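Sequence and predicted structure below; questions after.
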Amino acid sequence: MKETPYKTYLEESELPQVYYNVRADMREAAGGQDHAPMLHPGTLQPVTVADMEPIFCTELAKQELNTEDRYIDIPGELIDFYRMYRPSPLIRAHFLERLLDTPARIYYKYEGNNTSGSHKLNSAIAQGYYAKLQGLKGLTTETGAGQWGTAMSMAAAYFGLDLEVFMVKVSYEQKPYRKTVMQTYGASVVPSPSATTEIGRQMLAENPESSGSLGNAISEAVEKALTKEGYRYVLGSVLNQVLLHQSIIGLEAKAAMEKLGEYPDIVIGCAGGGSNLGGLMAPFMQDRLTGKPAPYFIAVEPASCPTMTRGRFAYDFCDTGRVTPLAKMYTLGNGYIPSANHAGGLRYHGMSPILSQLYHDGFLDEARAVEQTSVFEAAIQFSRTEGTLPAPESAHAIRAAIDEAIKCRETGEEKVILFGCTGNGYFDLSAYEQHINGSMTDYIPTDEDLLRGFASIPSLAGIQ
Ligand SMILES: *Cc1c(COP(=O)(O)O)cnc(C)c1O
């Protein structure tokens, strides 16, 4: 194999013109249903576009329920926006390989090259586009670590929409400059739980010291969208529509690897709600679902929020206030509150229904939980060799990629490893600081902790 270049870019003219909807192939592979349908929390019947319309933009609700169309055209105005920062580079980690002395060839798709600092902008801009098309005034959303709120602020500004962001309180306090970026783009940012919603006031009454959770913030943002004329709610992960938009990552990565005459043996992504991994692996998963040779897929999650490795596969609410539809997914329970000492993002209690079903059916081969101190060791190794300071979330994937490359050193196998480097870590320096000064600890929930979370999963007699 001749030395591959450090960076491989597609031409602008080679930008994908369609999103790939993996559900069409999941449905065919299963001979009927892709994943269990989302259920209306009141009727417990599968949700319809009409059920979703008060909360979501109509076109996005249609995408959410679309199991038919394998490919969905990317509107021209969106392609124009993508050209500002896409195609993103596919990078051969030559320097990391050298450090590890591995025969493996390690590639990563880098999504940190835009101001939001992560892949989140790929879906934010699509969601902003459809909201504008519908003539909405504004949007509400939540943000955990802050990347989604930043991306959505950029998208809302681009389309002239108002945006209200409920930011998980612990991040609001740890990352004040995230708030400033969002405000620069014109968003209003509220720490959650807040006194501005009914559900937030209830949460504060129960626990005035609450540091918040994504589940709480989602409830607040949904309530706000339902009570403000001309507003809808948007979400940055978990949903089918988000994985659909993120397929652009995988489509570009696959095309760039083809240019190099490469095909991955292993595809690795970190998994919070499942959107970057869902997007990166989508076109490779199509190979698997259609019976072709395909990579081994690994989802990496934090040991402190072990949704896939220790969670239950069950219908659960997507939020703590129990206002969202029920999704069949791996979950720690909507009442699970992750440890506040966990610095690395990926704190959501549930997981994308698409990823959950693929994992349950054995198409997604492995879920792996890693501890945060070992994640930051990987992040530092990576930044010192590859130059990029990765987001802590991305470093979960880096940890697994390094571990796989070390296995190759031991066995002599020349595997091709592809992982998603989803973002940069410039807003996560307090976490890096904790790691460097030795104050970072690992937190692994006990079985009792998990049982407390599982107790919040609804029993739904006759359904689960
Ligand atoms: C949000 C985020 C993640 C995790 O979300 P997924 O939906 O699982 O992809 C990973 N990395 C970065 C940088 C993020 O901002």
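Right, received. Where do you want to start?

ok, how many other residues are close to residue 380?
17 (other Cβ atoms under 10 Å). No exception for glycine: its C-beta is placed from N, CA and C like everyone else's.

Distance-wise, check it relative to residue 463.
46 Å (Cβ to Cβ, to the nearest Å).

right, and residue 318 touches residue 325 too?
Yes: in this structure, residue 318 is within contact of residue 325 by Cβ atoms under 8 Å, at 7.2 Å.

Quick check: residue 405 touching residue 108?
No: with contact defined as Cβ under 8 Å, residue 405 and residue 108 do not form a contacting pair (11.7 Å).

Who has more neighbours out of these two?
Legend: neighbour count by other Cβ under 10 Å for residue 405 and residue 108, higher for residue 108 (28 against 23).

Does that one lie in a helix or a strand, and which?
When secondary structure is defined by DSSP states H and E, residue 108 falls within strand 105-110.

any residue of that strand up close to the ligand?
No: for strand 105-110, no contact with the ligand is found by Cβ under 6 Å from any ligand atom; the gap never falls below 10.8 Å.

Output the helix or strand just after that strand as PDB, nothing but the C-alphas.
Later in the chain than strand 105-110, the nearest helix or strand by DSSP H and E is helix 120-133. Coordinates of each C-alpha in helix 120-133 appear next as PDB, following Å, rounded to 0.1, in the frame of the first residue of the first chain:
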ATOM      1  CA  LYS A 120     -24.200  19.100  14.900                       C
ATOM      2  CA  LEU A 121     -24.400  21.800  12.300                       C
ATOM      3  CA  ASN A 122     -25.100  19.200   9.600                       C
ATOM      4  CA  SER A 123     -28.600  18.600  11.100                       C
ATOM      5  CA  ALA A 124     -29.100  22.100  12.600                       C
ATOM      6  CA  ILE A 125     -29.000  23.800   9.300                       C
ATOM      7  CA  ALA A 126     -31.400  21.200   7.800                       C
ATOM      8  CA  GLN A 127     -33.800  21.700  10.600                       C
ATOM      9  CA  GLY A 128     -33.600  25.500  10.300                       C
ATOM     10  CA  TYR A 129     -34.200  25.200   6.600                       C
ATOM     11  CA  TYR A 130     -37.500  23.300   7.000                       C
ATOM     12  CA  ALA A 131     -38.600  25.600   9.800                       C
ATOM     13  CA  LYS A 132     -38.100  28.600   7.500                       C
ATOM     14  CA  LEU A 133     -39.800  26.900   4.600                       C
END
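
helices and strands around helix 120-133, which ones?
Packing partners of helix 120-133 (3 or more Cβ pairs under 8 Å, 6 or more residues apart in numbering; DSSP states H and E): helix 58-64, helix 76-82, strand 138-143, helix 147-159, helix 240-259.

Any buried residues in the strand or helix carrying residue 280, and which?
Following DSSP H and E, one finds residue 280 within helix 275-289. By neighbour count on 16 or more other Cβ atoms under 10 Å, the buried set for helix 275-289 is 275-289.

Likewise for stretch 161-170?
161, 162, 163, 164, 165, 166, 167, 168, 169, 170.

Now do the contacts for the residue most central in space within the chain.
Geometric centre of the chain, nearest residue: residue 275, 3.6 Å, by Cα atoms, centre = their mean. Applying Cβ atoms under 8 Å, 6 or more residues apart in numbering, we find residue 275 in contact with 119, 123, 236, 237, 238, 242, 243, 246, 352.

related to what we said a few turns ago, looking at residue 318 and residue 325, which one has more neighbours?
When residue 318 and residue 325 are compared for neighbours, residue 318 comes out ahead with 27 against 20, by other Cβ under 10 Å.

Nearest residue to the more buried one in space, ignoring adjacent ones along the chain?
Once flanking residues are discounted, residue 318 sits nearest to residue 324: 4.1 Å by Cβ to Cβ, 6 or more residues apart in numbering.

Is that neighbour in contact with residue 315, as I believe?
No: using Cβ under 8 Å, residue 324 is not in contact with residue 315; the gap is 11.7 Å.

Need the residues touching each of those two.
Counting by Cβ under 8 Å, 6+ apart, nothing touches both residue 324 and residue 315.

follow-up on the earlier one: looking at the buried residues of stretch 161-170, which one is closest to the ligand?
residue 168 (12.2 Å; Cβ to the nearest ligand atom).

can you tell me how far the closest one sits from residue 190?
Relative to residue 190, residue 168 is positioned 11 Å away (criterion: Cβ to Cβ).

low pLDDT regions in the stretch 51-200 of the chain?
Scanning the stretch 51-200 of the chain for pLDDT under 70 picks out nothing.

if we can go back for a sec, and after the helix holding residue 280, which helix or strand comes next?
Next along the chain after helix 275-289, taking DSSP H and E as the criterion, comes strand 296-302.

Helix or strand: which one has the residue lying closest to residue 387 once chain neighbours are set aside?
Spatial nearest neighbour of residue 387, excluding adjacent residues (Cβ to Cβ, 6+ apart): residue 95 at 7.9 Å. Per DSSP H and E: residue 95 is located in helix 94-100.

For that helix, list every residue counted as buried.
94, 96, 97, 99, 100.

what separates residue 94 from the ligand, distance-wise?
23 Å (Cβ to the nearest ligand atom, to the nearest Å).

Same check on residue 272?
Taking Cβ to the nearest ligand atom as the measure, residue 272 falls 3 Å from the ligand.

Which members of the buried residues of stretch 161-170 are positioned in strands?
If you go by DSSP state E, the buried residues of stretch 161-170 have 162, 163, 164, 165, 166, 167, 168 in strands.

Run through the residues that contact the fourth one.
With contact set as Cβ under 8 Å, 6+ apart, residue 165 has these partners: 140-143, 149, 152-153, 182, 187-190, 221.

Make a PyMOL selection of whichever of these turn out to be buried.
A single PyMOL command selects the buried members of the contacts of residue 165 (16+ other Cβ under 10 Å):
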select buried, resi 140+141+142+143+149+152+153+182+187+189+190+221
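
Residues contacting the helix holding residue 95, please?
With Cβ under 8 Å, 6+ apart, helix 94-100 has contacts from 3, 6, 104-106, 381-382, 385-387, 402, 405-406, 409.

still on that earlier bit, pull the CA atoms of the helix holding residue 280 into CSV?
The C-alpha trace of helix 275-289 is given here as CSV (Å, rounded to 0.1, in the frame of the first residue of the first chain):
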residue,chain,number,x,y,z
SER,A,275,-26.4,10.7,15.5
ASN,A,276,-22.8,10.9,14.5
LEU,A,277,-22.2,7.1,14.6
GLY,A,278,-25.6,6.6,12.9
GLY,A,279,-24.5,9.0,10.1
LEU,A,280,-20.9,7.8,9.8
MET,A,281,-21.9,4.1,9.6
ALA,A,282,-25.0,4.5,7.5
PRO,A,283,-23.7,3.7,4.0
PHE,A,284,-21.5,0.9,5.4
MET,A,285,-24.5,-0.4,7.3
GLN,A,286,-26.3,-0.5,3.9
ASP,A,287,-23.6,-2.9,2.8
ARG,A,288,-24.3,-5.1,5.9
LEU,A,289,-28.0,-5.0,5.5
